[in-house]
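my questions concern the predicted model and sequence given below.
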Amino acid sequence: MQWQREEVLALAPDSASVKAAHKLTTANKWPVLGATATVALWGECQGSGKTPYRTAIDLTDIAFKCSCPSRKFPCKHALALFLLYVEADTPFVAAAPPDWVQGWLDKRTQRQQAQSASQSNPNAASATVPPPNGPSTNSNEKRSDKPNAQEKRAAARAQKVSAGVAELTLWLHDLVRNGFVDAQTRPFRYWQEMAARLIDAQAPGLASRVEALGTIVSAGDGWAEQMTVAVGKLYLLLEAYQRLETLPEPLQYDVRTLIGWHQSKEELVQSTPVPDQWRVLSHTLTQEETLISQRVWLRGETTGRFALILNFAHPSNRQSLDTVWRVDSTASATLYYYRSAVPLRAVATDVAIAPNHPANLQSTTNPATQSPNKYGTIAAALQQRRQWMAALPWLSNSPLLLGTVRVAVDQQSGSKQAFLCDQDSTLLPVSTKCKSLWLLLSISGGCPFDLFAEWLDDGVLPLGIWHEGQYWPL
Amino acid sequence: MNEQFVAQASDVQTIWQQLVQQGILGTERQPTTPPLPTALATINTAPVDNASLTENALEQTFLQNVSLLTHYRTAAQRPQSLSPQSLSSRSLTGSPSIALIEPVADTMSTQPTPANTDQRSALLRQINREFDAKLVVEWLHHAAIHGQTLPIDQLPSLLDRAQQDKKIAAALTPCLGPRGRWLLALNPAWQIDATIELSEESWQHGPLEKRTAYLSATRATDPATARTKIEAVWGSEAAADRATMLATLENNLSAADLPFLESALQDRSRQVRTVATRLLLTLPHTPLRQTILAQLTNYLRIERKWLKRQLTVHLPNQFAEEWQAWGLREQSPLAVRIGQKAGWLVQLIALVPPSALVEALGVDALELLELIRANDYAEALMTALLEGAEAHNDYRFLLTELRHLLRLLELAQVQPLEFIERFARYAPILPEAERLILLQQYLAVTRQGAFGNWATLQQLVRTVDQLPLSMTSELLTKQMPALLRRNTGDYGVGRILVDLAYKLDPGGYAQADTLFQRRQGEEQPEYIGHFLQIYRLRQRMAQAFAT
């Protein structure tokens, strides 16, 4: 598949690496440049030393190797080599990989084979997933194989969390007794202190909700309504935890996850696998201070199921982010969904770009690219959202596909509030978080389009549109 | 949501507002919690902890109702909809202010797609995301020449950038295409002056910039109407605006404008009088021009002393009354450096085109320059002549001097630096073509010793917009290698090279690549990479648009 420059740049650990790489993207810096189509690239870049740096890229499952001493990954040499390749005006000699590249590729293949063998052997993985209220096999907690020790730790944590929940309930009572207007006068420390106590109670999910309250009180217009909603959801979560045993089992997992328990990837691969050809509908990277979040929305071509791949990484080390997902491509993969009343988040294994898949044979400008055939009306999407919300009251972002919609604006709000309008003349507000409305309009020219979006609390956030046979990520 | 739990939307909204109000005030100040709608009250179950119920009963009830209603409002939301009649009238029943956006009357699909569109678009995406405005503007200029419209996914970001950068705004207009213009009209936050059609409306109600643009456009086709329009509003405009409007008469200036310009000499504002004087002096046979030249030939006299001629400067004794009307200042800032009387003379010289003065003095331009250079007031007089040349676009006088300098350079009677400094000083007044010819002649005369260091190279390069291929080759194959060999260690070489990267002809990139080919083990400064990167992008751009 043809990589785009933007996609290569997205792999960079920081802007300094991009800048440094740009300065190496001239052919005269690379006395040796070679490629084996769709398999690997390699090159030798003359640095300040006598020996040039040897850089290689595995194109089948993007991976980098470089002999430079940089601790950044990928380093500037690897990025520059990749940029030279995608710009396609620098001559790469088509040849068999030299020994140092072939050796590295062979090792990677062996490692991948060993990994898939261990995953297919249930005995090689961690212990089976416990019931929601049973001992967890979270990697952070897996310090001993002895079941007794695990149970003791789980019981101790449950006790701590229960104490935290009780304390938070009392704290909420105080908050509503004094009123939100009183909370507005409190310093941010007030919220942080409660959050810290919840961290001590091993309930990080609750802690972040309390910190969010501290942000909402100073959010400006509409803060009181937002505060009421946030407090309502938090109280519902506390109530749900106290009645955990009475809830349906999938919802128990959600409640525990929202409180702060994790479902590890090792546990998930023991659940029901969902193999399919997965169409990549959206891939976003957002950075907040020291955390990069990667969100990839997929849709199974056979199952029609949506899946969200969610990864996190530190900006200086992006290795934990997946590089295989490219918007509008289709990958063959087996997904394991996190246990939930509305299973959307998943982890993927055995991911491989399907080389013969029609979507991958077409360039992004080929008008043959088709939108999925199962998009619907706003009424149908709303019905789906209602069902999901009924099953999981804390559901925030959920996917939707809409067919043949247009943009409408509320002229009284100075075009600030936009709506999507379908063929049934039903309106759906666009979220205020949407920054790409003008891009959407520019691409669609105001004509009807098919849409993939995320449903947020205040409306939909468009993530990509199909227009005139082409998919445009937003 | 089960039908048995469906409540009236208006009830839910009212109760919700009451709950929000109670939340703001707190249960202590507002103890009454509004009851839930009957349909929802049935699913509200008792709290788990009965012991705390009595103690925190008010708070608990509030929180239960809030959590239930929060969930209900999101899970049971119903959409707004359009009625058929509102669709046709572009407004919605129940939401009369909401309207569908009308689609673009797009002609793009019927227009032939220029070759290399994808490559061009990809380049623009890269440039727009990673580089400053210069490369964007260059792409837009290429696009305008080749009839290429902007890629639709780049329109919003470029329209955003155009709000901050006037050069992008100006270059963007020809490439907007139907879709760009449609999009521009949708967003009131996007204003690109060039896209606004100049009309009578612009003149009547627009800001000064648009009014001036309207006048200039009218002046180009109908000079008399433009002048009449200025005359009509003359009494009601501010002084600065009057001066700006008056300056638009420069285009198509003729004897028909004389009466109005002469009346403007009586204006209250010195700024207006200065503009009027300049315009009157641009016309060849005006009485004012004759008067000033007569005065000047009285103050500047060519006299014969022994066998040589010399320029004698006779300073005015007093500030003449009419000078005030011509915009001269009695207390000029120049007086501090050269004295008050010399300051008056300099201002007077700066009013006339230097060629007219040369003619009035009965010498040729070259001789006058030499005489001035030998005079005690050389610097002040040259400054005045330059000002005059600039105001009247009279560059021929300066060309004479530069050509003469080149001859002296060839004879090794002056140093290259002298030419460079003079050229850099006069360059803004010279037309681009003349600048390039002079530069080419300079390079031919000086060969590899044209530039003593990188700074002098920069001084010359800054005087031109774009270097032709021949000069690019000359720089890349002779001048720059010589500078590199000399390793002058100039401060800011990186900045100079970046300047060069934007001005060299893209066709010379291969030579630049060769010039900076790194030898094994040699450490190369980062700025060379930056120079090559920009230059290469320009080369790719030129190639993409050449096909």
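In hand now; what should we look at? Numbers count the residues shown, from 1 in each chain, chains lettered A, B, ... in the order given.

show me how far stretch A:230-242 is from its chain's centre.
Relative to the mean C-alpha coordinate of its chain, stretch A:230-242 is positioned 26 Å out (CA atoms, centre = their mean, to the nearest Å).

tell me how many other residues surround residue B:206.
17 (other CB atoms under 10 Å in any protein chain shown). C-beta here means a position set from N, CA and C on the backbone, and glycine is covered the same way.

now do it against chain A, distance only.
Residue B:206 sits at a distance of 23 Å from chain A (criterion: CB to the nearest CB, to the nearest Å).

now the closest residue to that residue other than its chain neighbours: which helix or strand?
The spatial neighbour of residue B:206 that comes closest, neighbours along the chain excluded (CB to CB, 6 or more residues apart in numbering or on different chains), is residue B:214 at 7.2 Å. Under the assignment given by DSSP states H and E, the secondary-structure element containing residue B:214 is helix B:208-221.

pLDDT wise, what is the one residue in the stretch 351-474 of chain A that gets nearest to chain B at?
Using CB to the nearest CB, the closest approach of the stretch 351-474 of chain A to chain B is made by residue A:425 at 3.2 Å. Listed pLDDT for residue A:425 reads 87.

that one - how many residues pack around it?
Summarising burial for residue A:425: neighbours were counted as other CB under 10 Å, giving 19.

please tell me how far it sits from residue A:405.
11 Å (CB to CB, to the nearest Å).

what about stretch B:538-547 and chain A, touching?
Yes: applying CB under 8 Å from any CB of the partner chain, one finds that stretch B:538-547 is in contact with chain A at residue B:540.

can you list the buried residues in that stretch?
Judged by neighbour count using 16 or more other CB atoms under 10 Å in any protein chain shown, the buried positions of stretch B:538-547 are B:538-541, B:543-545.

what do you get for stretch A:213-226?
Going through stretch A:213-226 with 16+ other CB under 10 Å, the ones that come out buried are A:213-214, A:216-217, A:223-226.

also stretch A:54-66?
Buried positions in stretch A:54-66, judged by neighbour count with 16+ other CB under 10 Å: A:54-60, A:62-66.

is it true that residue A:229 touches residue B:72?
No: under the criterion of CB atoms under 8 Å, residue A:229 makes no contact with residue B:72, lying 11.7 Å away.

hey, what's in contact with both of those two?
Shared between the contact lists of residue A:229 and residue B:72 (criterion: CB atoms under 8 Å, 6 or more residues apart in numbering or on different chains) there are no residues.

which residues does the nearest residue to residue B:165 once chain neighbours are set aside contact?
Leaving aside its sequence neighbours, residue B:165 sits nearest to residue B:133 (CB to CB, 6+ apart; 4.8 Å). Contacts here follow CB under 8 Å, 6+ apart; on that basis residue B:133 touches B:161, B:165, B:167-168.

if you look at the buried residues of stretch A:54-66, which of them are in strands?
Cross-referencing the buried residues of stretch A:54-66 against strands under DSSP state E gives A:54-58, A:63-66.

and the angle from whichever helix or strand comes after the helix holding residue B:214 to helix B:208-221?
Using DSSP H and E, the helix or strand that follows helix B:208-221 in sequence is helix B:223-233. Calculated by axes from the mean of the first three to the mean of the last three CA atoms, to 10 degrees, helix B:223-233 forms an angle of 140 degrees with helix B:208-221.

sorry, back to before: closest one of the ones in strands among the buried residues of stretch A:54-66 to chain B?
residue A:54 (14.7 Å).

quick one: the closest one and residue A:67 touch, right?
Yes: taking CB under 8 Å as the definition, residue A:54 is a contact partner of residue A:67 at 4.6 Å.

residue boundaries of the strands in the stretch 51-200 of chain B?
Counting by DSSP state E, counting those that start in this stretch, the stretch 51-200 of chain B has these strands, from start to end: B:80-81, B:98-100.

lowest average pLDDT across those strands?
strand B:80-81 (a mean of 70).

picking up where we left off before, any of the contacts of residue B:133 buried? List them.
For these, a neighbour count by 16+ other CB under 10 Å gives the buried set as B:161, B:165, B:168.

ok, the first one - contacts?
In other words, residue B:161. Applying CB under 8 Å, 6+ apart, we find residue B:161 in contact with B:128, B:133, B:136, B:168.

and for the last one?
Residues touching residue B:168, when contacts are defined by CB under 8 Å, 6+ apart, comprise B:133, B:136-137, B:140, B:158, B:161-162.

residue A:292 belongs to a strand?
Yes: when classified by DSSP: H, G, I helix; E, B strand; the rest coil, residue A:292 is found to be part of a strand.

how many neighbours does it have?
Here the number of neighbours of residue A:292 (other CB under 10 Å) works out to 20.

tell me which element residue A:451 falls in.
In the assignment (DSSP H and E), residue A:451 maps to strand A:449-456.

residue A:59 against residue A:42, yeah?
No: counting by CB under 8 Å, residue A:42 is not a contact partner of residue A:59; they are 10.7 Å apart.

quick one: residue B:283 and chain A, what's the gap?
Here the distance between residue B:283 and chain A works out to 51 Å (CB to the nearest CB).

count of residues packed around that residue?
Applying other CB under 10 Å, we find 15 residues neighbouring residue B:283.

for it, which residues are in contact?
B:253-255, B:258, B:289.

show me which pair in those residues is furthest apart.
Checking the contacts of residue B:283 against each other with CB to CB, the farthest-apart pair comes out as B:254 and B:289, at 14.7 Å.

comparing those two, which residue is more hemmed in?
When residue B:254 and residue B:289 are compared for neighbours, residue B:289 comes out ahead with 20 against 11, by other CB under 10 Å.

name the SS class of that one, please.
Here residue B:289 is recorded as helix under three-state DSSP.

give me the nearest residue to it, chain neighbours excluded.
Spatially, and ignoring its direct neighbours in sequence, residue B:289 is nearest to residue B:281 (5.1 Å; CB to CB, 6+ apart).

contacting residues for that neighbour?
Neighbour list for residue B:281: B:288-289, B:292, B:351-353, B:356, B:392 [criterion: CB under 8 Å, 6+ apart].

now swap in residue A:400 and tell me
Under the contact definition (CB under 8 Å, 6+ apart), the residues listed for residue A:400 are A:381, A:384-385, A:452-455, A:460.

distance between the biggest helix by length in chain B and the chain's centre?
Residue-count comparison of every helix in chain B, with assignments taken from DSSP state H, identifies helix B:526-546 as the longest. Here helix B:526-546 is found 23 Å from its chain centre; the criterion is CA atoms, centre = their mean.

again with stretch A:328-347
In terms of CA atoms, centre = their mean, the centre of stretch A:328-347 is set 11 Å apart from its chain centre.

give me the mean pLDDT for that stretch.
When pLDDT is averaged over stretch A:328-347, the result is 92.

now the stretch 101-250 of chain A against chain B: closest residue?
Evaluated by CB to the nearest CB, the stretch 101-250 of chain A has residue A:179 as its residue closest to chain B, separated by 2.6 Å.

for that residue, give me phi and psi.
The main-chain torsion angles of residue A:179 are listed as degrees, to the nearest 10 and equal phi 90, psi 150.

list the contacts of residue A:222.
For residue A:222, no contacting residues are found, by CB under 8 Å, 6+ apart.
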